[in-house]
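Asks: Next input, structure requested:
(chains A and B)
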Number of protein chains: 2
Amino acid sequence: MEFSSKLLEKAVTEMSQLPGIGKRTALRLVLHLLRQPVEQTTFLSQALTAMREDVKNCESCNNIADSAICYICANPKRDHALVCVVEDIRDVMAIENTRQFHGIYHVLGGKISPIDGVGPGQLKIAALVDKVKAGKVRELIFALSPTMEGDTTNFYIYKQIGDSGIITSAIARGIAVGDELEYADEVTLGRSILQRVPFENSFGNG
Amino acid sequence: MEFSSKLLEKAVTEMSQLPGIGKRTALRLVLHLLRQPVEQTTFLSQALTAMREDVKNCESCNNIADSAICYICANPKRDHALVCVVEDIRDVMAIENTRQFHGIYHVLGGKISPIDGVGPGQLKIAALVDKVKAGKVRELIFALSPTMEGDTTNFYIYKQIGDSGIITSAIARGIAVGDELEYADEVTLGRSILQRVPFENSFGNG
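Replies: Got it, this is the predicted structure:
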């Protein structure tokens, strides 16, 4: 691409550093900003800079927060002995949206993936193990994605915890509510039969 | 979406103002920035702000430029009497990439589209008509997209110019180089037969 403006080229280059944004998309986005009032670009730049410089990780659960402790960990009404282990803050948002969970979270910040160069050392695993060993946890719910990396991470943490006597559980895998049985993959369908629940318990309030 | 951080929420909101970027994509982009060094966000913000505040439109052709006159209009080796009318600076970039055109451009900044509220007054049509009437143009090449809006815009300009005696042409429509004939739409295929060219001329150097 040949640009008639160095300023434009620089903006497109920086924009195309973002994941999934190629040069053409970046150009389209940047040209859109050029057609909008100056303020839109100013607001965007300021919001990004302020976020990147001032956002914190909760000292307790590693969730993203504006203060040292996130609003979930700071809430005395939540069950602080019931800890849900998740990969990412997006998972926290997804679970919070269900309004079904009243414990707290522990955000690992990823999952063990040797192929991407992510070992246990890069994740917030030690802090979680410390929390368990300090006797602060009654039940640990593993809520990572059901992939090989997710399972590896679950198992690694499970081994680290050892026989601390706490309850460990994993979120249920099965047929999604509203899904047609015939389109479910066989692993999921198989699991949903093996891990069947008493009929009386099978009506969620979700 | 419930955010655990106002700073994060603001960044996502601003990011999702961009066309084609929904809240989920915005969140993914913003979380990516959080995982990168602070500098990446600083560079992006600065590049966007600098571009938005300092970029200019070429006084002659309306192309985007860093100075009052763009590098194409400032080039004395180009044919300043051969003017290619395009919609957008992306079209300038696309035509420049072919290295087949040695005239200058005139960037309208859009096309007439009553449905989007774009009338001739919002486009750089008057300046083009003035240029033609001042006798500065030998040939005008219409290179707008072959849509109803493009054709309307072409026709509007053609009428405005009146009988100024200049040559007017439109870029050739036909089967794209490398395309299979059987997959071409019938309008394009029909035009390519009506507007056939002498066989000796049918070998491009592109």
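
Asks: and residue A:150, how many residues sit next to it?
Replies: By other C-beta atoms under 10 Å in any protein chain shown, 18 other residues sit near residue A:150. Every C-beta, even on glycine, is put in place using the N, C-alpha and C of the backbone.

Asks: Point me to the helix or strand that includes it.
Replies: helix A:148-161 (DSSP states H and E).

Asks: for that helix, packing partners?
Replies: helix A:126-133, strand A:139-142, strand A:167-170 (3 or more C-beta pairs under 8 Å, 6 or more residues apart in numbering or on different chains; DSSP states H and E).

Asks: ok, 7 Å please
Replies: Judged by 3 or more C-beta pairs under 7 Å, 6 or more residues apart in numbering or on different chains; DSSP states H and E, helix A:148-161 is in contact with helix A:126-133.

Asks: Centre of the chain to the helix it packs on, how far?
Replies: Here helix A:126-133 shows a centroid-to-chain-centroid distance of 19 Å under the convention C-alpha atoms, centre = their mean, to the nearest Å.

Asks: Now residue A:54. Nearest residue, chain neighbours left out?
Replies: residue B:7 (5.7 Å; C-beta to C-beta, 6 or more residues apart in numbering or on different chains).

Asks: What are the contacting residues of the helix or strand containing the one you found?
Replies: Secondary structure assignment for residue B:7, by DSSP H and E: helix B:6-15. For helix B:6-15, contacts defined as C-beta atoms under 7 Å, 6 or more residues apart in numbering or on different chains pick out A:43-44, A:47-48, A:50-51, A:54-55, A:64, A:66, B:3, B:21, B:23, B:26-27, B:29-30.

Asks: What of stretch A:37-50?
Replies: Residues from elsewhere that reach stretch A:37-50 (C-beta under 7 Å, 6+ apart): A:33, B:7, B:10-11, B:14-15, B:17, B:33, B:41-42, B:44-45, B:48-49, B:52-53.

Asks: do you know how far residue A:56 is from chain B?
Replies: Distance of residue A:56 to chain B, given as C-beta to the nearest C-beta, to the nearest Å: 8 Å.

Asks: need the contact list for the nearest residue to that residue once chain neighbours are set aside.
Replies: Once flanking residues are discounted, residue A:56 sits nearest to residue A:65: 5.2 Å by C-beta to C-beta, 6+ apart. If a contact means C-beta under 7 Å, 6+ apart, then residue A:65 has A:56-58, B:4-5 as its contacts.

Asks: got a winner among the residues you listed for most neighbours?
Replies: Neighbour-wise, the contacts of residue A:65 (other C-beta under 10 Å) top out at residue A:58, 25 neighbours.

Asks: Name the SS class of residue A:83, please.
Replies: Assigned with DSSP: H, G, I helix; E, B strand; the rest coil, residue A:83 falls in the strand class.

Asks: again with residue A:76
Replies: coil.

Asks: Against residue A:63, how distant is it?
Replies: 17 Å (C-beta to C-beta, to the nearest Å).

Asks: just residue A:171 next, same as before
Replies: 18 Å.

Asks: Looking at these two now, which is surrounded by more residues?
Replies: Neighbours were counted for residue A:171 and for residue A:63 using other C-beta under 10 Å; residue A:63 has more, 24 against 14.

Asks: That one: what's it in contact with?
Replies: Contacts of residue A:63 (C-beta under 7 Å, 6+ apart): A:70, A:72, A:89, A:92, A:105, A:107, B:4.

Asks: and the third one, what is it in contact with?
Replies: Read it as residue A:89. Taking C-beta under 7 Å, 6+ apart as the test, what residue A:89 contacts is A:63-64, A:107, B:4.

Asks: and residue A:9, how many residues sit next to it?
Replies: Count around residue A:9 with other C-beta under 10 Å applied: 19.

Asks: Next one: it from residue B:10, what distance?
Replies: Residue A:9 is 28 Å from residue B:10, by C-beta to C-beta.

Asks: just for chain A, where's the confidence low?
Replies: Regions of chain A meeting the criterion pLDDT under 70 cover residues A:204-206.

Asks: Start from the N-terminal end of it and give the strands.
Replies: All strands of chain A, identified by DSSP state E, fall at A:56-57, A:64-65, A:79-86, A:103-107, A:139-142, A:167-170.

Asks: buried residues in the helix holding residue B:7?
Replies: Across helix B:6-15, burial judged by 16 or more other C-beta atoms under 10 Å in any protein chain shown covers B:7-15.

Asks: OK, contacts around the most centrally placed residue in chain A?
Replies: Among the residues of chain A, the one closest to the centroid is residue A:88, at 1.9 Å (C-alpha atoms, centre = their mean). Residue A:88 sits next to residue A:107 when contact means C-beta under 7 Å, 6+ apart.

Asks: Go again with 8 Å.
Replies: A:107, A:109-110, B:31 (C-beta atoms under 8 Å, 6 or more residues apart in numbering or on different chains).

Asks: Ok, residue A:28 next?
Replies: Going by C-beta under 8 Å, 6+ apart, the list of residues near residue A:28 reads B:19-20, B:90.

Asks: how about 6 Å then?
Replies: Residues near residue A:28 by C-beta atoms under 6 Å, 6 or more residues apart in numbering or on different chains: none.

Asks: Next one: it from residue A:16, what distance?
Replies: Using C-beta to C-beta, we find residue A:28 at a distance of 11 Å from residue A:16.

Asks: Could you do residue A:74 as well?
Replies: Distance from residue A:74 to residue A:16, by C-beta to C-beta: 39 Å.

Asks: Next: residue A:153.
Replies: Between residue A:153 and residue A:16 the computed distance is 31 Å (C-beta to C-beta).

Asks: my guess is residue A:124 contacts residue A:62, does it?
Replies: Yes. At 4.7 Å, residue A:124 counts as touching residue A:62 under the criterion of C-beta atoms under 6 Å.
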